[in-house]
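[1] Structure of the sequence below:
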Amino acid sequence: MNKQQDWKKLLKADPTPWLLEEENPAVRYMTLRDILDAGEKELSAARTRAHREGPIATILENMNPEGYWITPGLGYNPKCKSTVWSIISLAQLGASIEEDKRIGTACAYFLDHALAKGGQFTAWKPSDMGLCLQGNMLSSLPELGCKDKRLDTAYAWTARRLTGEDLPHKLNADGLAPAEGVPGPFRSLKFITDPLFGCRTNKGLSCAWAGVSVMMAFSRLPAEHRTGLINRAIAAGVDYFFSTDPATADFHDSKSGVPDGKWWQFKFPDFYATDILKMAEALTALGYGSDPRLAHTLTMIRDKQDDNGRWPLDYVDNNRKMWVKYGSAGKPNKWITLRALRVLKRAAEQ
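    Residues are numbered from 1 along each chain as shown. As a prediction, the model looks like this:
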């Protein structure tokens, strides 16, 4: 019996026929690509339709021809519809530069306006950057097919942040002015603090939400393109997430000292507030799907499936503010089901 059949035997039911329904062309395309490993001819037709109909088309129709959404410039505000959030959404929807040249225009525009010379993505001014934004953009841009060499600098900066290699000196060399009222070696960055994945909005504690986004970003780099620095950063992140049972999300990353309940609320799209499912996505994408320390997390993901083999959308993040709606909370959801199947299939193949 092949691996695909093996992992499907653990499901309560097989939801792939539901995911292949014509009414959601983007889900159908990614199911063919990621779950069924369809041939290129079938994939090409499905990919083209996914860009011409549905949420990808809606988001692109609202893009300014110059390459931004809503307001020119850095593109962080307003949340959920401006350039940052539109790029993140397009990546999670399976959009591709190869299929629509407007996506390439948007990627180039964003890099021209929001990437500091040292490799940091900025939200309002150079010192206003955080690892959640850094990870999300380094996940999304490569996923869209962006191959701009400036991403190498951004990856290297992110890796140095995790390993601490020459970081304070490099920050000063980047010419960033100290953020107002911020002390310490990371004074040039308003939200960054000393601990791994540390963030000042989290009372200086490590923010595992940001950490998941960073690990997802590293997973976008093929293993043969990862430098020694990046491999050391990945190792530091893996040690952090396996310092406890990931299924508990007990990373001491919340202001109250206990895990945020949103960890167990599966969402789509995910922005800075993430979930255990995305943590599993990142760790399996990095090759840790067969690691016994991830076993409880994978079991928890499987257990959330209903008797029809579908997973619900647990949490809706500003649905009314997005370009499109992705479902109702508490209802079976194709996006969440696709995400879960992707994780379970990849884990089984490892």
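
[2] which residues in the stretch 51-200 of the chain form helices?
    Applying DSSP state H, counting those that start in this stretch to the stretch 51-200 of the chain gives helices spanning 55-61, 83-92, 101-114, 131-144, 150-163, 167-173.

[3] List the buried residues in stretch 222-241.
    Arg226, Leu229, Ile230, Arg232, Ala233, Ile234, Ala236, Gly237, Val238, Tyr240, Phe241 (16 or more other CB atoms under 10 Å). For every residue, glycine as well, the C-beta is placed using N, CA and C.

[4] same thing with stretch 14-25?
    Going by neighbour count (16+ other CB under 10 Å), the buried part of stretch 14-25 is Pro15, Thr16, Trp18, Leu19, Leu20, Asn24, Pro25.

[5] before we move on, back to that, quick one: which two of the buried residues of stretch 222-241 are the most distant?
    In terms of CB to CB, the buried residues of stretch 222-241 reach their longest pairwise distance at Leu229 and Phe241, which sit 19.3 Å apart.

[6] Looking at the buried residues of stretch 222-241, spot the one nearest Gln120.
    Distances from the buried residues of stretch 222-241 to Gln120 were compared by CB to CB; the smallest belongs to Ala233, at 15.2 Å.

[7] quick one: contacts for that closest one?
    Taking CB atoms under 8 Å, 6 or more residues apart in numbering as the definition of contact, the neighbours of Ala233 are Thr158, Ala159, Arg160, Arg161, Leu162, Thr163, Phe218.

[8] The fourth one touches Gly130, doesn't it?
    No: counting by CB atoms under 8 Å, Arg161 does not reach Gly130; the two are 10.7 Å apart.

[9] what about stretch 282-300, distance to the chain center?
    17 Å (CA atoms, centre = their mean, to the nearest Å).

[10] Enumerate every residue touching the spatially closest residue to Leu344 that is not a sequence neighbour.
    Sequence neighbours aside, Trp7 is the residue nearest to Leu344 in space, at 5.6 Å (criterion: CB to CB, 6 or more residues apart in numbering). For Trp7, the contacting residues are Leu344, Lys345, Ala347, Ala348, Glu349, taking CB under 8 Å, 6+ apart as the criterion.

[11] my guess is the third one contacts Thr297, does it?
    No: counting by CB under 8 Å, Ala347 stays clear of Thr297, with 9.5 Å between them.

[12] higher neighbour count, these two?
    Neighbours of Ala347 and Thr297, each counted by other CB atoms under 10 Å, are more numerous for Thr297; the result is 24 against 21.

[13] quick one: the more buried one from Phe268, how far?
    In this structure, Thr297 and Phe268 are 18 Å apart, going by CB to CB, to the nearest Å.

[14] picking up where we left off before, taking the contacts of Trp7 together, which two end up most distant?
    Greatest spatial distance among the contacts of Trp7 (CB to CB): Leu344 and Glu349, at 9.8 Å.

[15] quick one, which of these two is more surrounded?
    When neighbours are counted by other CB under 10 Å, Leu344 comes out ahead of the other of Leu344 and Glu349, with 22 against 13.
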